[in-house]
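Asks: What would the 3D arrangement of this be:
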Amino acid sequence: MPATGVPQFRRPAVGGVLDGAAPALLPESADDRGPGRSPSGGGLVRRPRADADAVLVATFDTVTVALRHGLEAVDILRLRRACGAVLQSRNGATVSFLVPVGTSATWHLPGSSCTAGAQLLPATDPRWVMPPAGADCTARPTDPWVLRSALCEAACTLTAGGLGPS
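Replies: Residues are numbered from 1 along each chain as shown. Below you'll find the predicted structure:
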């Protein structure tokens, strides 16, 4: 039985993705050996998907967290005017934050996963929690250290409310 008052985080699976959670902004396979990578093991390549208008880009990484935890972090980031583009997964169980490329190499925060590459949907897609903005609908990443701080604060807030990050 878990200790009372101590945050209980789900540990990432072997691939760095939360168990049972498919990152919303990534191709179906986040594995380096999977079909989402080029044969040489280099950059990302576009794969056919159900989202025909989606564009696979390697200019962003994605941090994925459980829905309740992510929405609390979005609220915190919005109050600080520091929230970039955020997308909810197809099944609605997770939220993914766009972060600058290279973040996945140094991201180590329990209860979250960070993977390289992002699949951007059109700005009009209803799954955007915080859609790309501006005249040219450009997706803006969230600063990874500000996001980390907001995720830690969100975990504390949820734990204090008896909900805990899930």
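Asks: For the chain, give me the ranges with low pLDDT.
Replies: 1-58, 164-166 (pLDDT under 70).
Asks: ok, how many other residues are close to residue 105?
Replies: By other CB atoms under 10 Å, 9 other residues sit near residue 105. For glycine as for every other residue, the C-beta is placed from the backbone atoms N, C-alpha and C.
Asks: distance of it from residue 111?
Replies: Here residue 105 is placed at a distance of 19 Å from residue 111 (CB to CB, to the nearest Å).
Asks: what do you get for residue 135?
Replies: Residue 135 is 36 Å from residue 111, by CB to CB.
Asks: got it, and residue 144?
Replies: 15 Å.
Asks: Ok, residue 163 next?
Replies: 13 Å.
Asks: show me where this structure has strands.
Replies: For the chain, applying DSSP state E gives strands covering 55-66, 86-88, 94-100, 112-120, 128-130.
Asks: can I get the ones you listed in CSV with mean neighbour count and distance to residue 153?
Replies: Formatted as CSV, the strands of the chain follow (neighbours: other CB atoms under 10 Å; distance: least, CB to CB, whole Å):
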stretch, mean neighbour count, distance to residue 153
strand 55-66, 21, 13
strand 86-88, 25, 16
strand 94-100, 26, 14
strand 112-120, 24, 13
strand 128-130, 18, 17
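Asks: Make CSV out of those and add distance to residue 158.
Replies: Listed next are these as CSV, based on distance: least, CB to CB, whole Å:
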stretch, distance to residue 158
strand 55-66, 10
strand 86-88, 17
strand 94-100, 14
strand 112-120, 14
strand 128-130, 17
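Asks: Which residue is the nearest non-sequential neighbour of residue 116?
Replies: Counting by CB to CB, 6 or more residues apart in numbering, residue 104 is the residue found nearest to residue 116 once chain neighbours are left out, at 4.6 Å.
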